[in-house]
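**Student:** Model the structure of this input:
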Amino acid sequence: MFFSGISDEAGQSLTTQIKAHKELGWCYMELRVVDGTNITSVPDDKFEEVCRQLSENGMKVSCFASAIANWARPITCDPQIDIDDLKRAIPRMHRLNTPFIRVMSYPNDPKNPLPENEWRNEAIRRMKVLAKIAEDGGVVMVHENCSGWGGLSAENSNILLGEVNSKALRVVYDTGNPVTYGQDPWEYYKAVFKDIVYVHIKDAKKVNGEDIYTYCGEGDGRVRDIVRDLLANGYDGGFSIEPHLAAIIHTGQKAQSEAALYESYTEYGRRLMKIVEEVKPSSL
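**Tutor:** Residues are numbered from 1 along each chain as shown. Here you go, the predicted model:
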């Protein structure tokens, strides 16, 4: 088991992101955005600079948090965008020895929604294409229980993985998302457990219908119970923090200051390590 985190939630620059992880004593990072651009889309020279900085600081990359099929790419968008993203990401993942790339499964288009069955069929069709590219490229897409047809329910997630039927499509379970989507976190977790290979740690509460993100263990995401259950069942993958406290990328909420972003991230990491220490089996 190891700790990681979606590092731009500590700061925009890679230097700041590395500093936060080193302060926590972590050698893994989950890369999403560096200086405002997703790691799958930065120019080649910028990517070379990223590799250099990571190497010089002894940092490893646990996952690419891509924008593939995410909340900003509805089912009506051009599928070539995601194909190009994935093809560009694969050699970069190999360069950094990164096994996983986070994906979602296409939200319906709020302006031009497809009927549910068409949305379902097109999401599965697109994910089959992407999974074949990932499989041929020797990487694994991890599907997050978030925006998209496959994130509507644990049943949908299982249908998606069953229909795609590829070793290159597995699950990254996000502990906070069921709360914000009005789902039961424990029931969702247990239903997709067999396919979980990576975990995002987030927590939240609903207050008068509003999503309020909290430190891990302080919300309704059953973080402590889920971490305990994973470790008791031999989980040896990553716990990757995604605090959503000082900033929330999908809503456009920006941090009041870089210091607030950094401090909330490192404090979140410390609290997760404390939870793990408290709930882990005595044999670990």
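**Student:** alpha carbons only for contacts and neighbour counts from here, please
**Tutor:** OK.
**Student:** Let me know the pLDDT of Ala255.
**Tutor:** If you check Ala255, the pLDDT there is 55.
**Student:** I meant Ala89, not that one.
**Tutor:** pLDDT, Ala89: 98.
**Student:** In a strand, it, correct?
**Tutor:** No - when DSSP: H, G, I helix; E, B strand; the rest coil is applied, Ala89 is found to be helix, with no strand at that position.
**Student:** what bridges to the residue lying closest to Ala67 once chain neighbours are set aside?
**Tutor:** Computed as C-alpha to C-alpha, 6 or more residues apart in numbering, the closest residue to Ala67 that is not its neighbour in sequence is Val103, at 6.8 Å. For Val103, the beta-bridge partners are His143 (DSSP bridges).
**Student:** Val103: what's it in contact with?
**Tutor:** Contact analysis of Val103 by C-alpha atoms under 8 Å, 6 or more residues apart in numbering lists 65-70, 141-144.
**Student:** most neighbours, which of those residues?
**Tutor:** His143 (30 neighbours; other C-alpha atoms under 10 Å).
**Student:** correct me, but that one touches Val172?
**Tutor:** Yes - His143 is within contact range of Val172, at 5.6 Å (criterion: C-alpha atoms under 8 Å).
**Student:** can you give me the helices for the stretch 101-250 of the chain?
**Tutor:** Taking DSSP state H, counting those that start in this stretch, the helices of the stretch 101-250 of the chain run over residues 116-137, 154-164, 177-180, 185-192, 223-232.
**Student:** Deepest-packed of those helices, please.
**Tutor:** Ranked by mean neighbour count, the helices of the stretch 101-250 of the chain are led by helix 177-180 with a mean of 23 (mean count of other C-alpha atoms under 10 Å).
**Student:** contacting residues around that one?
**Tutor:** Residues contacting helix 177-180 (C-alpha under 8 Å, 6+ apart): 145-146, 184-185, 188, 202-206, 211, 220-221.
**Student:** The residues you listed, buried ones only, as a PyMOL selection?
**Tutor:** To isolate the buried ones among the contacts of helix 177-180 in PyMOL, judged by 16 or more other C-alpha atoms under 10 Å, type:
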select buried, resi 145+146+184+185+188+202+203+204+205+220+221
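**Student:** I'd assumed Ser283 was in contact with Ala232.
**Tutor:** No - Ala232 lies out of contact with Ser283 (C-alpha under 8 Å); the separation is 9.7 Å.
**Student:** Please tabulate the contacts of Val103 in JSON lines and include pLDDT and distance to Gly36 as additional columns.
**Tutor:** Listed next are these as JSON lines, based on pLDDT from 0 to 100; distance: C-alpha to C-alpha, whole Å:
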{"residue": "Ala65", "pLDDT": "98", "distance to Gly36": "14"}
{"residue": "Ser66", "pLDDT": "98", "distance to Gly36": "13"}
{"residue": "Ala67", "pLDDT": "97", "distance to Gly36": "13"}
{"residue": "Ile68", "pLDDT": "98", "distance to Gly36": "17"}
{"residue": "Ala69", "pLDDT": "98", "distance to Gly36": "19"}
{"residue": "Asn70", "pLDDT": "97", "distance to Gly36": "17"}
{"residue": "Met141", "pLDDT": "99", "distance to Gly36": "23"}
{"residue": "Val142", "pLDDT": "98", "distance to Gly36": "23"}
{"residue": "His143", "pLDDT": "98", "distance to Gly36": "23"}
{"residue": "Glu144", "pLDDT": "98", "distance to Gly36": "22"}
